[in-house]
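[1] Starting from these lines, generate the structure:
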Amino acid sequence: MLELSWATVVNWLVGHGIRILVVLAVGALLWFALNKFLPPVVRSAVARTKYKESKEGMEKRMNTLLSIFKGVGRVFIVIVGIMMILSEVGVAIAPVLAGFGIAGIAIGFGAQYLIRDLIAGIFIIMENQYRVGDVARVADIAGLVEEVHLRKTVLRDLDGIVHHVPNGEIRVASNFTRHFARVNLDISVAYDTDLDHAISVINRVCKALAEDENWRNVIKSTPQALRVNNLGSSGIDIKILGDVKPMQQWAVMGELRLRLKKAFDAEGIEIPWPHTKVYFGNPLPDSPEKQD
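    You can find the predicted model right below:
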């Protein structure tokens, strides 16, 4: 009896075990091919895109597409491999698939949000709205895009909090780092400031920053004073605009604020702060009451 059992096991291994090993080997080969040949194919496709992208933008686009295609490909390989192995061990696949179909119909009535998320994810990827590595605001949440999936987008905000946003919840997606970014800065000066002089100092500081060897590679167009933007309660706001490379706007604005503060101190230009004058029942200076 034991001899017969061993013979049965050997016959099964010869008849089915080799096929299972072949399935596993083919799955491993496909997995390797996916990791080996998919990147150059995606890179070539991204390079031929009609959108004019910088080198950094193309790299972000490629990484996003790779993460999605690899995920879908791996799931496909695993599912097909499991089905083929189950078939070899004698499990009837047709009833299993039929069961999945019936369950799918039942679940489908409650999976409307999942389908909506998947469809929205497909359009996000096709339209290249944002990529892994971009800074974007989606569903009123702003942060660094860490992952883009068909179902959800993962962002990390400045506090380090990770947000998982279902793609179907995204109505407006704002990309802060697409093609170029912009320095958009208001600098306030006191009301008694000579505005022509202040604007001249601002433009001089901006030009020096753009010519600095540590910053000229990230500045696309030299920032400059555009206009008097607002007559505020405490001072006059001067608008400064300029184009920089994606994700560099915050660093450039920080350096520009530092240099402007030093330049304003050297030139005697006052940066205003709120002032409050309090009179304790006394006549105001130069008022008619005091003159009488």
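[2] so where do the helices sit in the stretch 51-200 of the chain?
    55-88, 93-108, 112-126, 195-211 (DSSP state H, counting those that start in this stretch).
[3] closest one to residue 150 among the ones you listed?
    helix 112-126 (3.8 Å; CB to CB). Backbone N, C-alpha and C define where each C-beta goes, glycine included.
[4] tally of neighbours for residue 116?
    For residue 116, the number of neighbouring residues by other CB atoms under 10 Å comes to 15.
[5] report the angle between the axes of the strand or helix carrying residue 18 and helix 55-88?
    Counting by DSSP states H and E, the element that carries residue 18 is helix 18-47. For helix 18-47 against helix 55-88, the angle by axes from the mean of the first three to the mean of the last three CA atoms, to 10 degrees is 160 degrees.
[6] what's helix 18-47 packed up against?
    Under the contact criterion of 3 or more CB pairs under 8 Å, 6 or more residues apart in numbering; DSSP states H and E, helix 18-47 touches helix 55-88.
[7] where does the stretch 51-200 of the chain dip in pLDDT?
    By pLDDT under 70, the weakly predicted segments of the stretch 51-200 of the chain are 51-55, 57, 89-111.
[8] how about the helices of the stretch 51-200 of the chain in JSON lines, adding distance to residue 237?
    Formatted as JSON lines, the helices of the stretch 51-200 of the chain follow (distance: least, CB to CB, whole Å):
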{"stretch": "helix 55-88", "distance to residue 237": "33"}
{"stretch": "helix 93-108", "distance to residue 237": "56"}
{"stretch": "helix 112-126", "distance to residue 237": "37"}
{"stretch": "helix 195-211", "distance to residue 237": "11"}
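[9] buried ones in the helix holding residue 18?
    Along helix 18-47, these residues count as buried under the neighbour rule (16 or more other CB atoms under 10 Å): 20, 23, 27, 30, 31, 34, 39, 42, 43, 46.
[10] Include distance to residue 184 and pLDDT when you put those residues into a markdown table, please.
    Formatted as a markdown table, these follow (distance: CB to CB, whole Å; pLDDT from 0 to 100):
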| residue | distance to residue 184 | pLDDT |
| --- | --- | --- |
| 20 | 62 | 76 |
| 23 | 58 | 79 |
| 27 | 52 | 82 |
| 30 | 49 | 83 |
| 31 | 47 | 82 |
| 34 | 43 | 81 |
| 39 | 37 | 79 |
| 42 | 34 | 74 |
| 43 | 34 | 75 |
| 46 | 30 | 69 |
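[11] Tell me which of the helices of the stretch 51-200 of the chain lies nearest to residue 151.
    helix 112-126 (4.7 Å).
[12] re earlier: would you tell me which of the helices of the stretch 51-200 of the chain gets closest to residue 176?
    Going by CB to CB, the one of those nearest residue 176 is helix 55-88, 12.9 Å.
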